[in-house]
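Peer 1: Sequence and computational prediction follow.
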Amino acid sequence: MPSAPEPIALPPRSVLVTGVSGFVGLKLAKRLLAQDCKVAGICRKPRPDLEKCRIEMIYADLADASAIRAACQGRDTVFHVAAKVGIWGKLTDFQAANVEGTQAIINGCRDFEVKKLVYTSTPSVVFNGRSIAGQDESLPYGENIPCPYPTTKVIAEKAVLAAHDLPPGHLKTVALRPHLIWGNDDTNLVPRVVERARAGKLRIVGDGDNRVDLTHVDNVVDAHLLAEAALDRTEHNPGGKAYFISNGEPVKLWEWINELLESHDIPRVHRRISLPNARRIGAVMETLWKLLRLHGEPPMTRFVASELAKDHWFDISAAQRDLGYRPRINMAEGMARLLSK
């Protein structure tokens, strides 16, 4: 079945996309260019290829508050996609990028009277170490999350949502929580799974029956544009709210991984480890990495152990109702596109 048409576009406007060189940021920027928008993008390293795409490039680190704030001047909408991601690292580094960088974006939007701010969050903000199966945005924020990325994203999301309509009638904000983004040109999720499998480093954690949501990148871009448009609505306005975004097709994680591996001529994963043992190993590795100041990420952490063993799929009916979100690219079509490249 062919995919549905893209959401109806808003009139041309001036927009800023942070993290424009990233997987989601670049796809979003190109869609906005196709709508005849004036697009500016923030990233850290020079990208002449993006300059040739008619993107006004601003080279700055998220921790550079003055540069981030100034980049908001003259924009109708800011899409704050950039973040420091990962399962390991110094909390202060994550705070500088994800908390202070987001506050700089909020300050810039307020100071330069930007109309809309669409923030890319993560479902990990509700991490609680337990299975999450079909639950909605009423889930509380996680506490004492053993990973700096979701810990700092909780703070940042709260700040973005609190900034809605302050001062009244000015800035409108919304947060999106896309889960496990994948698709063509992905440099993280699928390549990382394939690489670890080829190296013989993958183990099924737990009973292997846990279900998770995945989200095709084109659907993520749709959600961002729909959220921007919905901020103009009177009925079901999403201002000041957060929304789970996914394909709405939960898959058995390890079945999906094994099908992916087979498509790359890699043997299926059969070896298993229990969740309690994986958590214990993760705790030991975290301690060793801290004490010995080892480089890179530990092969296992307590957070990763839970993510690999527990259900993580969400009710997206709020996004369907308030944003008009409908996943255009289903799992089957997304996989066909991925394997055709």
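Peer 2: Noted; the coordinates are in hand. In this text, all values refer to a predicted model and were calculated from it rather than measured experimentally.
Peer 1: Relative to Ala34, how far out is the nearest residue to Thr120 once chain neighbours are set aside?
Peer 2: If the residues on either side of it in the chain are set aside, Thr120 comes closest to Val81, at 4.5 Å by C-beta to C-beta, 6 or more residues apart in numbering. Every residue, glycine included, has its C-beta placed from N, CA and C. The span separating Val81 from Ala34 equals 17 Å under the rule C-beta to C-beta, to the nearest Å.
Peer 1: for Thr152, same thing?
Peer 2: As for Thr152, its distance to Ala34 is 33 Å (criterion: C-beta to C-beta).
Peer 1: neighbour count winner among those two?
Peer 2: In terms of neighbours (other C-beta atoms under 10 Å), Thr152 is the more surrounded of Thr152 and Ala34; the figures are 26 against 10.
Peer 1: What are the neighbouring residues in contact with the more buried one?
Peer 2: Neighbour list for Thr152: 84, 91, 94-95, 97-99 [criterion: C-beta atoms under 8 Å, 6 or more residues apart in numbering].
Peer 1: ok, now Asp322?
Peer 2: 230, 236-238, 241, 243.
Peer 1: looking at the protein, which helix or strand does the model trust least?
Peer 2: For the chain, counting by mean pLDDT, DSSP states H and E, helix 48-51 ranks last in confidence among helices and strands (a mean of 90).
Peer 1: Neighbouring strands - and their directions - for the helix or strand just after that helix?
Peer 2: On the C-terminal side of helix 48-51, the closest following helix or strand by DSSP states H and E is strand 56-59. The sheet places strand 56-59 alongside strand 38-43 (parallel), with pairing taken from DSSP bridges.
Peer 1: Dump the partner strand to CSV, keeping only the CA atoms.
Peer 2: Coordinates of each C-alpha in strand 38-43 appear next as CSV, following Å, rounded to 0.1, in the frame of the first residue of the first chain:
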residue,chain,number,x,y,z
LYS,A,38,13.7,30.4,4.8
VAL,A,39,15.7,27.9,6.9
ALA,A,40,18.5,28.5,9.3
GLY,A,41,20.3,25.6,11.0
ILE,A,42,22.6,25.2,14.0
CYS,A,43,25.3,22.6,14.2
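Peer 1: Strands along the stretch 1-150 of the chain, start to end?
Peer 2: Ranges of strands within the stretch 1-150 of the chain are 14-18, 38-43, 56-59, 77-80, 116-120, 132-135, based on DSSP state E, counting those that start in this stretch.
Peer 1: can the ones you listed go into a markdown table with extra columns for mean pLDDT?
Peer 2: What follows is these, written out as a markdown table (pLDDT from 0 to 100):
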| stretch | mean pLDDT |
| --- | --- |
| strand 14-18 | 98 |
| strand 38-43 | 97 |
| strand 56-59 | 96 |
| strand 77-80 | 98 |
| strand 116-120 | 98 |
| strand 132-135 | 98 |
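Peer 1: which of the contacts of Thr152 are buried?
Peer 2: The neighbour-count test (16 or more other C-beta atoms under 10 Å) marks 84, 94-95, 97-99 as buried among the contacts of Thr152.
Peer 1: show me where pLDDT drops low in the stretch 201-341 of the chain?
Peer 2: The stretch 201-341 of the chain contains residues with pLDDT under 70 at 341.
Peer 1: Can you show me the strands along it?
Peer 2: Remark: strands assigned in the stretch 201-341 of the chain by DSSP E, counting those that start in this stretch are 204-205, 211-212, 215-216, 242-245, 251-252, 272-273, 312-314.
Peer 1: any idea which of the ones you listed is most buried?
Peer 2: When you average the neighbours per residue for each of these (mean count of other C-beta atoms under 10 Å), strand 215-216 leads with a mean of 28.
Peer 1: so where do the helices sit in this structure?
Peer 2: Ranges of helices in the chain, per DSSP state H, are 23-34, 48-51, 65-70, 91-94, 101-111, 148-162, 189-198, 217-230, 253-263, 275-292, 302-309, 317-323, 331-340.
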